[in-house]
Every structure is written in C-alpha cells, then in structure tokens.
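Peer 1: Fold the stuff below for me.
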Amino acid sequence: APWVHCPLAGRPQSCSCRPGSSRPGIFGPASEIGAFRAFATHVCKEASSHADLTEQELLGLGVARCPVCGDAHCILGQGGLLQHISGCRDLRHTSYVAAQAEASATWKRDYANRILAAIP
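Peer 2: Residues are numbered from 1 along each chain as shown. The predicted structure follows:
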C-alpha cells in the first residue's frame, strides 16, 4: 500500500524529517485518514519549512491549505478542510463561506438565464 510521506524527507536543512532525525518523514499508510491528518499537522507545525510546497504538491499528498488562514488540513474525512472552513467561528472564515454561497447562487442564476435565453 502507498504511504503518506513528507516530500522534504531526506533533504538536508529541511524540516524535522531531515536525514538523521528521529522522524523519517513517514506518517502512515494512505489507507488510513489519520496518516493524512498527521501530515497536515506536521505541515502546520513546520510551516516555514513547507512554505515552498505548491498547492498541487500538497493536494497530491491529500492535504490542502485553507484559503482563508493558510493552515493545512487533510482533504477528506472528519476534521478535513471543508469542516474547518464551514465550522470555524473566526469571522474571516464565516465571511469566506458567505462569499462562496453568494458566488454559487450567482453562477446558478446566470446559468439558468443562459439556458432560458437559448430557448426559442
């Protein structure tokens, strides 16, 4: 089975997963959501070391940064990114959720209007 690992593992002068450290950069099997949570926690705790990881690299590892606060969260499962965004009481997050809902409603309305306009 594939494993969830830190892409910086083995790089000198990187995060705590550097060569010779007690943590080899492996967080568990990809079949367990806890491995992704552990990796997301690692990315948050050592944010400066992981700042250069692209969004695509993180998504490939099952983790995404919150578009509001920048914290890393696993993509799926309880405690994942969507729960973080919708469940956080921080005003920045509630404003983001409201803006997303408004954008979605606008898109649906515009799409319906385009369909209706195409009907002779």
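Peer 1: Now for the residue nearest the centre of the chain: which residues touch it?
Peer 2: What sits nearest the mean C-alpha location of the chain, by Cα atoms, centre = their mean, is Ala64, with 1.4 Å. Ala64 sits next to 55, 58, 72-73, 75, 81 when contact means Cβ atoms under 8 Å, 6 or more residues apart in numbering. Every residue, glycine included, has its C-beta placed from N, CA and C.
Peer 1: repeat that with 6 Å
Peer 2: Neighbouring residues of Ala64 by Cβ atoms under 6 Å, 6 or more residues apart in numbering: 58, 75, 81.
Peer 1: Next: Ile85.
Peer 2: Taking Cβ under 6 Å, 6+ apart as the criterion, Ile85 is in contact with His93.
Peer 1: Same check on Glu46?
Peer 2: Contact partners of Glu46, counting by Cβ under 6 Å, 6+ apart, are Cys15.
Peer 1: So which bits of the helix ranked longest in the chain are buried?
Peer 2: As assigned by DSSP state H, the longest helix anywhere in the chain is helix 91-118. Neighbour-count burial for helix 91-118, counted by 16 or more other Cβ atoms under 10 Å, picks out 93, 96.
Peer 1: Distance from the chain centre to that helix, please.
Peer 2: Put simply, helix 91-118 sits 23 Å off its chain's centre (Cα atoms, centre = their mean, to the nearest Å).
Peer 1: follow-up on the earlier one: helix or strand right after the host helix or strand of the residue nearest to the centre of the chain?
Peer 2: Taking DSSP states H and E as the criterion, Ala64 maps to strand 63-65. For strand 63-65, the succeeding helix or strand toward the C-terminus, using DSSP H and E, is strand 72-74.
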